[in-house]
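**Q** This is a predicted model, with the sequence first.
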Amino acid sequence: PYTPLLRVAPRRQRIYSPHMAAIVLGVLGLAMLVLIVIAFTGVRVVQQYEEGVVFRLGKVKRTVRTPGLTRIIPFGIDRMVKVNKQIVTMPVPAQDGITKDNVSVRVDAVVYFRVIDPIKAIVNVQNYSYAVSQVAQTSLRSVIGRSDMDQLLSNREEVNAELRSIIDEPTEGPWGVKIE
(Lines give C-alpha, C1' and ligand atoms only; values in the text may rest on other atoms or scores of the structure.)
Protein backbone atom coordinates (compact mmCIF):
# COMPACT_ATOMS: atom_id res chain seq x y z
CA PRO A 1 0.00 0.00 0.00
CA TYR A 2 0.83 3.62 -0.49
CA THR A 3 1.90 5.68 2.58
CA PRO A 4 1.87 9.43 2.27
CA LEU A 5 4.94 11.39 3.26
CA LEU A 6 2.89 13.90 5.15
CA ARG A 7 0.53 12.76 7.68
CA VAL A 8 -2.44 14.98 8.41
CA ALA A 9 -3.74 14.83 11.94
CA PRO A 10 -7.44 14.81 12.33
CA ARG A 11 -8.89 18.18 13.32
CA ARG A 12 -10.11 18.58 16.81
CA GLN A 13 -13.45 20.09 17.20
CA ARG A 14 -13.43 23.31 19.19
CA ILE A 15 -16.10 23.42 21.75
CA TYR A 16 -17.54 26.90 22.29
CA SER A 17 -20.02 27.64 24.96
CA PRO A 18 -22.92 29.70 23.64
CA HIS A 19 -22.23 32.25 26.41
CA MET A 20 -18.46 32.48 25.87
CA ALA A 21 -18.68 35.48 23.54
CA ALA A 22 -20.96 37.31 25.98
CA ILE A 23 -18.54 36.68 28.86
CA VAL A 24 -15.54 37.89 26.86
CA LEU A 25 -17.40 41.03 25.75
CA GLY A 26 -18.52 41.66 29.33
CA VAL A 27 -14.97 41.43 30.67
CA LEU A 28 -13.64 43.71 27.93
CA GLY A 29 -16.46 46.20 28.55
CA LEU A 30 -15.74 46.22 32.29
CA ALA A 31 -12.03 46.75 31.65
CA MET A 32 -12.79 49.67 29.31
CA LEU A 33 -15.14 51.19 31.91
CA VAL A 34 -12.47 50.96 34.60
CA LEU A 35 -9.89 52.61 32.31
CA ILE A 36 -12.30 55.44 31.47
CA VAL A 37 -13.07 56.05 35.16
CA ILE A 38 -9.35 56.13 35.98
CA ALA A 39 -8.71 58.56 33.13
CA PHE A 40 -11.45 60.95 34.23
CA THR A 41 -10.62 60.91 37.95
CA GLY A 42 -7.16 62.24 37.11
CA VAL A 43 -8.39 65.25 35.12
CA ARG A 44 -8.32 68.62 36.90
CA VAL A 45 -9.21 72.14 35.77
CA VAL A 46 -6.91 75.00 36.74
CA GLN A 47 -8.62 78.37 36.37
CA GLN A 48 -6.99 81.34 34.61
CA TYR A 49 -6.18 83.07 37.93
CA GLU A 50 -4.69 79.94 39.54
CA GLU A 51 -1.68 77.69 39.32
CA GLY A 52 -1.46 74.13 40.57
CA VAL A 53 1.28 72.67 42.74
CA VAL A 54 1.46 68.87 42.41
CA PHE A 55 2.74 66.59 45.15
CA ARG A 56 3.67 63.06 44.06
CA LEU A 57 3.74 60.74 47.04
CA GLY A 58 4.34 63.75 49.30
CA LYS A 59 7.19 65.30 47.32
CA VAL A 60 6.59 68.48 45.34
CA LYS A 61 7.06 68.32 41.59
CA ARG A 62 9.02 71.36 40.37
CA THR A 63 6.76 72.05 37.39
CA VAL A 64 3.73 74.18 38.23
CA ARG A 65 0.49 73.35 36.42
CA THR A 66 -0.70 76.31 34.37
CA PRO A 67 -4.33 77.26 33.60
CA GLY A 68 -6.43 74.79 31.60
CA LEU A 69 -7.01 71.05 31.77
CA THR A 70 -4.31 69.05 33.48
CA ARG A 71 -3.88 65.40 34.39
CA ILE A 72 -2.61 63.91 37.60
CA ILE A 73 -2.24 60.31 38.69
CA PRO A 74 -5.31 59.60 40.82
CA PHE A 75 -5.92 57.49 43.94
CA GLY A 76 -3.49 59.17 46.32
CA ILE A 77 -0.39 59.08 44.16
CA ASP A 78 -0.64 62.73 43.04
CA ARG A 79 -2.31 65.54 44.96
CA MET A 80 -2.75 69.01 43.47
CA VAL A 81 -3.09 72.20 45.51
CA LYS A 82 -4.42 75.21 43.61
CA VAL A 83 -2.92 78.60 44.46
CA ASN A 84 -4.77 81.84 43.71
CA LYS A 85 -2.51 84.32 41.88
CA GLN A 86 -4.89 87.29 42.19
CA ILE A 87 -4.12 90.31 44.35
CA VAL A 88 -5.60 89.79 47.82
CA THR A 89 -6.92 92.74 49.81
CA MET A 90 -6.48 92.05 53.51
CA PRO A 91 -7.49 94.48 56.24
CA VAL A 92 -5.07 94.71 59.13
CA PRO A 93 -6.96 95.01 62.42
CA ALA A 94 -6.53 98.28 64.30
CA GLN A 95 -3.32 98.31 66.32
CA ASP A 96 -2.87 100.32 69.49
CA GLY A 97 0.56 101.76 69.93
CA ILE A 98 2.60 104.53 71.48
CA THR A 99 4.54 106.79 69.15
CA LYS A 100 8.11 107.95 69.74
CA ASP A 101 6.76 111.16 71.33
CA ASN A 102 4.55 109.16 73.79
CA VAL A 103 1.17 109.66 72.12
CA SER A 104 -1.28 106.75 72.17
CA VAL A 105 -2.68 106.03 68.71
CA ARG A 106 -4.89 103.42 67.11
CA VAL A 107 -3.94 102.72 63.50
CA ASP A 108 -5.43 100.31 61.00
CA ALA A 109 -4.17 99.41 57.55
CA VAL A 110 -4.85 97.41 54.41
CA VAL A 111 -2.32 95.05 52.85
CA TYR A 112 -2.41 94.14 49.15
CA PHE A 113 -0.44 91.03 48.24
CA ARG A 114 -0.25 88.30 45.64
CA VAL A 115 1.55 84.99 45.27
CA ILE A 116 4.47 85.15 42.86
CA ASP A 117 5.92 81.67 43.55
CA PRO A 118 3.22 79.08 44.31
CA ILE A 119 5.67 76.36 45.31
CA LYS A 120 7.26 78.54 48.01
CA ALA A 121 3.84 79.76 49.17
CA ILE A 122 2.62 76.20 49.73
CA VAL A 123 5.81 74.46 50.89
CA ASN A 124 7.66 77.09 52.96
CA VAL A 125 4.79 78.47 55.04
CA GLN A 126 1.76 76.64 56.40
CA ASN A 127 -0.85 79.36 55.77
CA TYR A 128 0.62 82.24 53.79
CA SER A 129 -2.46 84.46 54.14
CA TYR A 130 -2.44 84.23 57.94
CA ALA A 131 1.34 84.66 58.02
CA VAL A 132 1.14 87.87 55.96
CA SER A 133 -1.55 89.16 58.35
CA GLN A 134 0.64 88.49 61.39
CA VAL A 135 3.71 90.09 59.82
CA ALA A 136 1.64 93.13 58.83
CA GLN A 137 0.29 93.58 62.37
CA THR A 138 3.73 93.26 63.93
CA SER A 139 5.28 95.61 61.38
CA LEU A 140 2.52 98.18 61.89
CA ARG A 141 3.17 98.25 65.64
CA SER A 142 6.90 98.56 64.98
CA VAL A 143 6.47 101.49 62.58
CA ILE A 144 4.12 103.23 65.03
CA GLY A 145 6.71 102.92 67.81
CA ARG A 146 9.49 104.41 65.68
CA SER A 147 7.49 107.36 64.34
CA ASP A 148 6.37 110.68 65.78
CA MET A 149 2.69 111.58 65.74
CA ASP A 150 3.44 114.42 63.33
CA GLN A 151 5.26 112.03 60.99
CA LEU A 152 2.34 109.57 61.01
CA LEU A 153 -0.08 112.33 60.04
CA SER A 154 1.99 114.32 57.55
CA ASN A 155 4.24 111.75 55.83
CA ARG A 156 1.84 108.90 55.16
CA GLU A 157 3.52 107.93 51.88
CA GLU A 158 6.90 107.53 53.58
CA VAL A 159 5.34 105.52 56.40
CA ASN A 160 3.54 103.32 53.83
CA ALA A 161 6.77 102.76 51.88
CA GLU A 162 8.62 101.81 55.07
CA LEU A 163 5.81 99.49 56.12
CA ARG A 164 5.75 97.85 52.66
CA SER A 165 9.50 97.21 52.72
CA ILE A 166 9.35 95.78 56.25
CA ILE A 167 6.49 93.41 55.36
CA ASP A 168 7.97 92.46 51.98
CA GLU A 169 11.36 91.43 53.39
CA PRO A 170 10.28 88.14 55.06
CA THR A 171 7.46 87.37 52.62
CA GLU A 172 8.86 87.74 49.10
CA GLY A 173 11.99 85.62 49.20
CA PRO A 174 11.16 82.66 51.43
CA TRP A 175 7.35 82.65 51.10
CA GLY A 176 6.88 83.61 47.45
CA VAL A 177 4.42 86.42 48.34
CA LYS A 178 4.82 89.96 46.97
CA ILE A 179 3.43 92.95 48.87
CA GLU A 180 1.94 95.42 46.38
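**A** Yep, it's here. Residues are numbered from 1 along each chain as shown.

**Q** count of neighbours near V88?
**A** Close neighbours of V88, defined as other Cβ atoms under 10 Å, add up to 16. All C-beta atoms are positioned from the backbone trio N, CA, C, and that covers glycine.

**Q** meant to ask about V123
**A** Neighbours of V123 (other Cβ under 10 Å): 15.

**Q** likewise the one 3 residues further on?
**A** Counted with other Cβ under 10 Å, the neighbours of Q126 add up to 8.

**Q** likewise T138?
**A** When neighbours are counted by other Cβ under 10 Å, T138 registers 14.

**Q** Could you check how far it is from D168?
**A** 14 Å (Cβ to Cβ, to the nearest Å).

**Q** can you check G42 too?
**A** Computed as Cβ to Cβ, the G42 to D168 distance reads 38 Å.

**Q** Phi and psi next, for the closest residue to Q151 other than its chain neighbours.
**A** Nearest non-adjacent residue to Q151, counting by Cβ to Cβ, 6 or more residues apart in numbering: V159, 6.9 Å away. Main-chain dihedrals, V159, degrees, to the nearest 10: phi -60, psi -40.
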